[in-house]
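>>> pasting the sequence and the predicted coordinates here, then a few questions.
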Amino acid sequence: MNKTAKTYPTIGVCGLDCGLCPRYYTRGTSRCPGCAGPDFFNKHPSCSFITCCVKKKELEVCAECSEFPCSKFKRNEEYQQLKESSSYPSYKKVMPNLNFIKEHGIEKFIGQQKKRIKLLEAMIENFDDGRSRSFFCKAATLLDLIDLRNSLDKTIQKIKTDKIKQDDVKNKARILKTILNEIALKEGVELMKKR
């Protein structure tokens with residue numbers, strides 16, 4: 001019997017960080033359950049990656065396949081050049097994610113991803129002004145884990161120092177986004193579109 005659901009829907013078969021996607025955190029019927037997660041096939045058509053990897057080979061991700069990387073994949077440089085979407089996770093980590101899984105195993109990758117998800121959930125819960133979720137998702141995907149944690153700590157300290165009220169989500173979001181963007185710029189990562 002073919003496998004139709006994945007154990008870890010927060011990581012896409014193709015390497016996308018589904019657990020760091022704005023649609024994964026949407027409320028209501030448009031919420032995505034992650035890659036081949038619960039109720040996925042009632043909401044999304046299957047893709048060629050899922051058909052091959054999950055349905056035919058009963059694998060969790062393409063990195064577990066002996067044929068990885070196959071012709072379905074672009075070169076990493078091409079993923080770096082793809083236009084970003086605000087409602088979908090960044091493609092920039094597709095090949096690094098899959099190469100990490102191939103080298104270290106999916107369990108180790110999921111352990112790191114859970115830390116990113118926890119930090120992202122803290123950002124969304126405490127700093128989302130209704131307009132920042134996609135920005136936070138992109139930051140959680142592309143920035144170093146230590147930088148993410150330090151950004152949250154620095155933001156909390158600035159909120160205390162500046163005596164910003166806990167219910168002033170707009171200013172709290174502005175502070176966190178500024179700090180994250182400063183770190184991103186130092187790392188050569190673009191979180192905000194240039195105007």
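Structure's in. What do you need?

>>> what helix or strand is Leu148 located in?
helix 145-161 (DSSP states H and E).

>>> now do the buried residues in that helix.
Of the residues in helix 145-161, Asp147, Leu148, Ser151, Leu152, Lys154, Thr155, Ile156, Lys158, Ile159 count as buried by neighbour count, 16 or more other Cβ atoms under 10 Å. C-beta here means a position set from N, CA and C on the backbone, and glycine is covered the same way.

>>> and the third one, what's its pLDDT?
For Ser151, the model assigns a pLDDT of 95.

>>> mind listing the helices for this protein?
40-43, 48-50, 76-81, 94-104, 106-127, 133-142, 145-161, 169-187 (DSSP state H).

>>> could you save these as a markdown table and add columns showing distance to Ile11?
Formatted as a markdown table, the helices of the chain follow (distance: least, Cβ to Cβ, whole Å):
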| stretch | distance to Ile11 |
| --- | --- |
| helix 40-43 | 13 |
| helix 48-50 | 12 |
| helix 76-81 | 16 |
| helix 94-104 | 7 |
| helix 106-127 | 6 |
| helix 133-142 | 12 |
| helix 145-161 | 16 |
| helix 169-187 | 23 |
